[in-house]
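Q: Next come a sequence and a model predicted from it.
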Amino acid sequence: MATRVIPPFVMREAGQFEGYSIDLWRSIEKELGVRSGYTAYPSVKALLEATKAGREDLGIAAISITAEREAVFDFSQPMFDSGLQILVRDQSGSGNAMPSFWQVLFSPTMLQLLGVVFLLIVIPAHLLWLVERHHEGGFVEHKSYIPGIFKTGWWAAGTLGAQADEMPKSWAGRIIALMWMFLSIVFVAYFTATITTAMTVQQLQGDIRGPEDLPGKKVATVAGSTSETYLREHKAKIRAFSQIEEAIDALEKKRVDAVVYDAPVLLYYAAQAGKGKVQPVGGIFRKENYGIVLPENSPWREPVNRALLTLKENGTLQALYDKWFTGDSTGSPH
Ligand code: GLU
């Protein structure tokens, strides 16, 4: 009997296995009048390989029935309705807050804007210097480049930031000044809009609301799971761990944007250890069923299926569900 730790289906407490799948298997054992030993595998992949190689008679954990696996293995009747879901950091925390004043001040967007400001000062400063320096009584007192350009540069900066305090005297200078003042108004509006957008976009980028937001995001999951296959097909940047706890830890430490994994496992975690730290978003976006996996043509398939259906019909499966998923610990499977 191959298994794998995946709470709350299979858990290990003081060397003893427990959980929904373990309880279910014990009930099946009782129906069949057999007893089995357990071997825990580090991943579904390893579990499946051992089963394929005939080292195990069957495997039970939270193993999804998929077309690809059905081609190589036999599965029992479905024993649990499941599916994939997304887990993110608790939104009420600071994880997805607006960027701070300092983050905006030292952002690449700000650098670009400052580059534009520089150009918008240097260009009119030169134009004005060229047309104003020979004008009698013009506002450039020094004909030479160095003091003259400082004067026109100061004027350009002052006009961009506030209002011109002095005006060119030549006609060409006045036309340049008018155009420059108009350009300043447009630029200040653009500046404000760009900063606002930068802040909003940064805020929205952290937001994953559904599977359509996953492509391109850093998403943690468990290696060899159906979730990893899904994420690979949908072009997410995958960080694959061997245990779900490690994936959730990466999420809490902000090393990834989300976790994608089996919904019951994520919901169980979010309601217990992860309360206030992580939260599920959206519903189940891909339905899956768990089954007991057997090597092809296994003699166990028929008796296991018969026992499983009996347990479904006599309410044992429902009692197990209540015991492990609704917090009703009085629901006895026997
Ligand atoms: N339902 C998942 C699968 O069968 C579980 C993976 C796991 O146990 O890590 O791929």
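A: The structure has been received and is ready for your questions.
Q: Can you tell me which residues in the protein are near the ligand?
A: Where proximity means CB under 6 Å from any ligand atom, the interface of the chain facing the ligand comprises 4, 6, 44, 61-64, 222, 225-226, 262. To be clear about C-beta, it is placed using only N, CA and C from the backbone, and glycine gets the same treatment.
Q: Next, check the residues you listed against the strands and list the overlap.
A: Judged by DSSP state E, the subset of the residues of the chain next to the ligand located in strands is 222, 262.
Q: Can you redo the residues of the chain next to the ligand as CSV, where the extra columns are neighbour count, pLDDT and distance to Glu246?
A: Written out in CSV, the entries for those read as follows (neighbours: other CB atoms under 10 Å; pLDDT from 0 to 100; distance: CB to CB, whole Å):
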residue, neighbour count, pLDDT, distance to Glu246
Arg4, 24, 95, 15
Ile6, 24, 95, 13
Val44, 24, 94, 15
Ala61, 23, 97, 17
Ala62, 25, 97, 17
Ile63, 31, 98, 20
Ser64, 23, 97, 20
Val222, 26, 96, 9
Ser225, 25, 95, 13
Thr226, 24, 96, 18
Asp262, 26, 97, 15
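Q: among the residues of the chain next to the ligand, which two are most distant?
A: Longest distance between any two of the residues of the chain next to the ligand is 13.6 Å, between Arg4 and Thr226; criterion CB to CB.
Q: Strands of the chain, residue ranges please.
A: Using DSSP E, the strands of the chain run over residues 2-3, 11-13, 16-18, 39-40, 73-75, 80-89, 218-222, 237-241, 258-262, 278-290, 293-295.
Q: Minimum distance to Glu313: which of those has it?
A: When the strands of the chain are ranked by distance to Glu313, counting by CB to CB, first place goes to strand 80-89 at 16.1 Å.
Q: same for the closest one, what does it pack against?
A: helix 226-233, helix 244-252, strand 258-262, helix 263-271, strand 278-290 (3 or more CB pairs under 8 Å, 6 or more residues apart in numbering; DSSP states H and E).
Q: picking that back up, tell me which of the strands of the chain is the most buried.
A: When you average the neighbours per residue for each of those (mean count of other CB atoms under 10 Å), strand 258-262 leads with a mean of 27.
Q: any low-confidence regions in the stretch 51-200 of the chain?
A: Counting by pLDDT under 70, the stretch 51-200 of the chain has low-confidence residues at 92-99.
Q: just the helices in it please.
A: Counting by DSSP state H, counting those that start in this stretch, one finds helices in the stretch 51-200 of the chain at the ranges 67-70, 101-105, 108-132, 145-161, 171-205.
Q: Export these to JSON lines and append columns for mean neighbour count.
A: Putting these into JSON lines (neighbours: other CB atoms under 10 Å) gives the following:
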{"stretch": "helix 67-70", "mean neighbour count": "12"}
{"stretch": "helix 101-105", "mean neighbour count": "11"}
{"stretch": "helix 108-132", "mean neighbour count": "16"}
{"stretch": "helix 145-161", "mean neighbour count": "17"}
{"stretch": "helix 171-205", "mean neighbour count": "14"}
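Q: Check the gap between Ala162 and Ala156 for me.
A: Between Ala162 and Ala156 the distance, using CB to CB, to the nearest Å, works out to 12 Å.
Q: before we move on, the earlier item: possible to save the helices of the stretch 51-200 of the chain as JSON lines with distance to Gly37?
A: Shown next, in JSON lines, are these (distance: least, CB to CB, whole Å):
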{"stretch": "helix 67-70", "distance to Gly37": "24"}
{"stretch": "helix 101-105", "distance to Gly37": "56"}
{"stretch": "helix 108-132", "distance to Gly37": "59"}
{"stretch": "helix 145-161", "distance to Gly37": "79"}
{"stretch": "helix 171-205", "distance to Gly37": "50"}
